[in-house]
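1. Dropping the sequence and predicted coords here.
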Amino acid sequence: MKFFIDTANIEEIREANSLKILDGVTTNPTLIAKTGRPFMEVVKEILAEIPDKPVSLEVASTDFEGMVREGEMLAELGSNVVIKIPMTVEGLKAVKHFEYKGIKTNVTLIFSPAQALLAMKAGASYISPFVGRLDDISHTGLDLIADIKTIRDNYDFDTEIIVASVRHPLHVIESAVIGADIATIPYKVIAQLAKHPLTDIGLERFLKDWENVPEKPF
Ligand code: E4P
């Protein structure tokens, strides 16, 4: 399972990258706005830190021409740039265009198997079903991941499934059980994945007992 980090915060990206388990980055307009910094400054820093793994950058237009114009501009910034496109009819047309041009796409804001199927048929390189936002409205987000995985495997689409809108470690673990290709995870949840209270208690006890070991070599 690949781990992407879902942030535009360069410190978080550097920290996660230093763990050597990072396979890519996803951003969106909200995450870029949160940095309070100029778009190009943020994007160039991310691409300098992650030059060889997929970095999803989202278009802001909603019409085909605008998405194509912005996506082509973003694709110039690096061969690892993936154009993030909203799941709309205009977006699907843009996905086809980028597929023809050999530019990778990530179709975002997917909330149903029907939307996922359309995006896969359009030739999306990645699709991003949002589990957390479905949970927020009392739908089980992970059920969507299982359905999409079945559909993808039934027809052998090349599209990779990115579990998005991840809120806690269970979203990651359940996605791994289902067999999702990728989870895009906020930094806080990556840190939570490493933690267990019994590990902390166990380590504290080992360190205390170590003090009683005679003639320690280190
Ligand atoms: C996905 O690519 C989105 O950036 C992200 O996962 C959305 O998450 P949220 O629902 O926490 O905003």
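-> Received the coordinates, thanks.
2. where's the residue most central in space within the chain relative to the ligand, distance?
-> Central residue check for the chain by C-alpha atoms, centre = their mean: the C-alpha nearest the mean position is that of Thr184, 2.6 Å away. As judged by C-beta to the nearest ligand atom, to the nearest Å, Thr184 and the ligand stand 5 Å apart. All C-beta atoms are positioned from the backbone trio N, CA, C, and that covers glycine.
3. Name the SS class of that residue, please.
-> Under DSSP: H, G, I helix; E, B strand; the rest coil, the three-state class of Thr184 is strand.
4. Those residues of the chain touching the ligand, which are they?
-> With C-beta under 6 Å from any ligand atom as the criterion, the chain meets the ligand at residues Asp6, Thr26, Asn28, Thr108, Ser128, Phe130, Gly132, Arg133, Ala164, Ser165, Thr184.
5. can you redo these as CSV with distance to Arg37, secondary structure and pLDDT?
-> Shown next, in CSV, are these (distance: C-beta to C-beta, whole Å; DSSP: H, G, I helix; E, B strand; the rest coil; pLDDT from 0 to 100):
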residue, distance to Arg37, secondary structure, pLDDT
Asp6, 17, strand, 98
Thr26, 18, strand, 98
Asn28, 15, coil, 98
Thr108, 22, strand, 98
Ser128, 24, strand, 98
Phe130, 25, strand, 98
Gly132, 25, helix, 98
Arg133, 25, helix, 98
Ala164, 23, strand, 98
Ser165, 23, coil, 98
Thr184, 21, strand, 98
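6. Check those residues and tell me the two furthest apart.
-> Maximum pairwise distance among those (C-beta to C-beta): 14.6 Å, between Thr26 and Arg133.
7. Give the burial count for Gly179, as a bare number.
-> By other C-beta atoms under 10 Å, 14 other residues sit near Gly179.
8. This protein: helices as residue ranges?
-> In the chain, the helices defined using DSSP state H lie at 10-18, 29-35, 39-49, 64-75, 89-101, 113-122, 131-136, 141-155, 169-178, 187-194, 197-210.
9. other SSEs contacting the last one?
-> In terms of contacts (3 or more C-beta pairs under 8 Å, 6 or more residues apart in numbering; DSSP states H and E), helix 197-210 is not packed against any helix or strand.
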